[in-house]
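Q: Got a sequence here, can you model it:
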Amino acid sequence: MTPGMFALLIVLIVLAGVTASIVVPSLRRTLPLLVTFVVGSVMVASVFIPHAPVDEADDKFSSFFNIIAAIAFVLGGLNLLKIHGEKISRRAHHWQYNLVTVLAFVVMLGAGLYSLVLPGTWKGTVQSQGSLFDWLYQATFNPLQSTMFSLLAFFVASASYRAFRAKTKEATLLLISATIILVGRTPLGHYLTFWLPEPLQFFHIPNLSGWILAIPNLAGQRAILIGIALGIISTSLKIILGIERSYLGARDS
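A: I've put the predicted structure just below:
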């Protein structure tokens, strides 16, 4: 059996189960657990079993996942229109922002469909540089994104002012480290300690800033990433084994 036939067989089993759940309502809660267990087990096995057809199941399933993702995008767009449309019709608080969201969604969707249906107009297809979709993205989304990040800088500065207070030993250490890194990223850090002799170059603020980022900071990042990985593994196992059922709805959460 080829990897493609193996993946197709799994998908056919899933579709048969979905059909059975429609015919037999009692299976509507049991079947998703079974599908999740089968697909999750196959994906795990594809990592640890280097033999066909299991070893290539990951690549084959990706095609079906892309189809599901495309359907999810459609559902997400319809859900966006539904939620914001209800707020606009009820004139909810700040409903004007909901109207802007809906209009932006419709305009960008229309631009994408226009470039898709008529690829020979307005400088090519959707992916082409200078197309209608690309022009709207570059002329609206990028400037808005830059504006948002520039405003976030003030919020970060305000939060840093409140957080970096030397009330405890840990807060003092954080304050000193943050100050060294901030100053070391600017020309001021060089001018403050450029006079240090060669044996004391480690205490040159840019060098000290780089050491903090490369050693203590990297160690902390790796510890956090290991913790995240363990959390992902435990959550995935709970979902595959049917312990975590929040994706089924409120009754099984």
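
Q: how does the protein divide up, domain by domain?
A: 1-89, 93-154, 169-214 (automatic domain parsing).

Q: between these, which one is nearest to Leu241?
A: Taking Cβ to Cβ, domain 1-89 is the member of the domains of the chain nearest to Leu241, at 7.2 Å. Quick note: C-beta positions are derived from backbone N, CA and C, even for glycine.

Q: hey, where'd the strands end up in the stretch 1-150 of the chain?
A: Remark: no strands are assigned in the stretch 1-150 of the chain by DSSP state E, counting those that start in this stretch.

Q: pLDDT on stretch 211-220, on average?
A: Regarding stretch 211-220, the rounded mean pLDDT is 92.

Q: Okay, buried residues for it please.
A: 212-213 (16 or more other Cβ atoms under 10 Å).

Q: CA atoms of that stretch as CSV?
A: Provided in CSV are the C-alpha atoms of stretch 211-220 (Å, rounded to 0.1, in the frame of the first residue of the first chain):
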residue,chain,number,x,y,z
TRP,A,211,26.7,38.2,27.2
ILE,A,212,23.4,38.7,29.0
LEU,A,213,21.4,38.0,25.9
ALA,A,214,23.6,35.0,24.8
ILE,A,215,23.9,33.2,28.2
PRO,A,216,21.3,33.9,30.9
ASN,A,217,18.6,35.0,28.5
LEU,A,218,19.1,32.1,26.1
ALA,A,219,19.1,29.6,29.0
GLY,A,220,15.8,31.0,30.3
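
Q: before we move on, back to that, rebuild the domains of the chain as a markdown table, extending it with distance to Ile232.
A: A markdown table is the format used below for these (distance: least, Cβ to Cβ, whole Å):
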| stretch | distance to Ile232 |
| --- | --- |
| domain 1-89 | 13 |
| domain 93-154 | 28 |
| domain 169-214 | 26 |
